[in-house]
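Undergrad: How does the following fold in three dimensions:
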Amino acid sequence: MIRYEFPLNERIRKLIRVEELFLKIDVLATSAKKYTEFSLFERLFELMLTASRSDLKVDLIQEIERQKLKLRSKAKTQANNALMVKLSKAKTKLEKAKIQPGFYFGDDKYLQEIKSRKDSPYGITSVDFPEFQFWLQCETPLARKDYFKQKIAPFQPIKEAIFVVLALLRSSAKEELVSAERGVFQKKLDPSLKNDLITISMNLRSKYYPNVSSNKYALSIHFEHYLKHTMLDKSIKFKIGTGSL
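TA: Model prediction:
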């Protein structure tokens, strides 16, 4: 199965974007392939630009507190108790987190120089940057990974909070099997509910992908061929879920 996610508001879209950035960093940080460091620096600067925003931290703290209040009204099962502990830990770490806003380099002139190179038309290259060549060739792979680990560490509370909030959102999206007649599917939304996310699961062998448009009252899905870019003219079955925090 292939699963698509469509945020229904900019708040959730922002969380999923930052989550994907953390996931990319996780993959790159464990890779031993050549040029990994080039991509890691680029992702690090993207992280500085997005995850250091004070409004993101405040929004996450408020959302976690809302989820804790909702959880207190539910039965005290083992799973709910474990979730309450996870939410509390995430909130505490966020409140203690000291993340410098924007591109903060401290006394790391090397990182500042890499940032200026990254903004050039060719991006980060080693051909005209001997200090970077030295770092790549003379520092051990472990030392280079430790360097990135230190730079990313301040953002860990943001990562943990986003992961726990989005896990709750995704778990709320209970999928049902439906059919799109002639490649079109429409669904009414309850405007009194705070709908945040649409999930669509399809057969991995399908040649069609969904395009979603929505407002607070309804959503519309059109399926299009991924190579020919033509609309599907027959019925197709898929699973759809609507999630909310």
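
Undergrad: Show me where this structure has its strands.
TA: 2-7, 176-180, 184-188, 197-202, 208-214, 218-225, 236-243 (DSSP state E).

Undergrad: Of these, give the one that comes closest to Gly106.
TA: With CB to CB as the criterion, Gly106 lies closest to strand 2-7 of the strands of the chain, at 34.0 Å. Where you see a C-beta, it was placed from the backbone N, CA and C, and this is true even at glycine.

Undergrad: can you tell which of the strands of the chain is closest to Phe45?
TA: strand 2-7 (23.7 Å).

Undergrad: Mind listing the strands the closest one pairs with, and their directions?
TA: strand 197-202 (antiparallel) (DSSP bridges).

Undergrad: chain center to the strand it pairs with, what's the gap?
TA: Here the centre of strand 197-202 is set off from its chain's centre by 16 Å, with CA atoms, centre = their mean, to the nearest Å.

Undergrad: most remote residue from the protein's center?
TA: Most distant from the centre of the chain: Pro130, at 34.4 Å, with distances by CA atoms, centre = their mean.

Undergrad: sorry, back to before: okay, the strands of the chain in a markdown table with mean pLDDT, mean neighbour count and distance to Leu168 next?
TA: Shown next, in a markdown table, are these (pLDDT from 0 to 100; neighbours: other CB atoms under 10 Å; distance: least, CB to CB, whole Å):
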| stretch | mean pLDDT | mean neighbour count | distance to Leu168 |
| --- | --- | --- | --- |
| strand 2-7 | 94 | 16 | 14 |
| strand 176-180 | 93 | 12 | 20 |
| strand 184-188 | 92 | 13 | 22 |
| strand 197-202 | 94 | 20 | 11 |
| strand 208-214 | 92 | 16 | 21 |
| strand 218-225 | 92 | 18 | 21 |
| strand 236-243 | 93 | 19 | 9 |
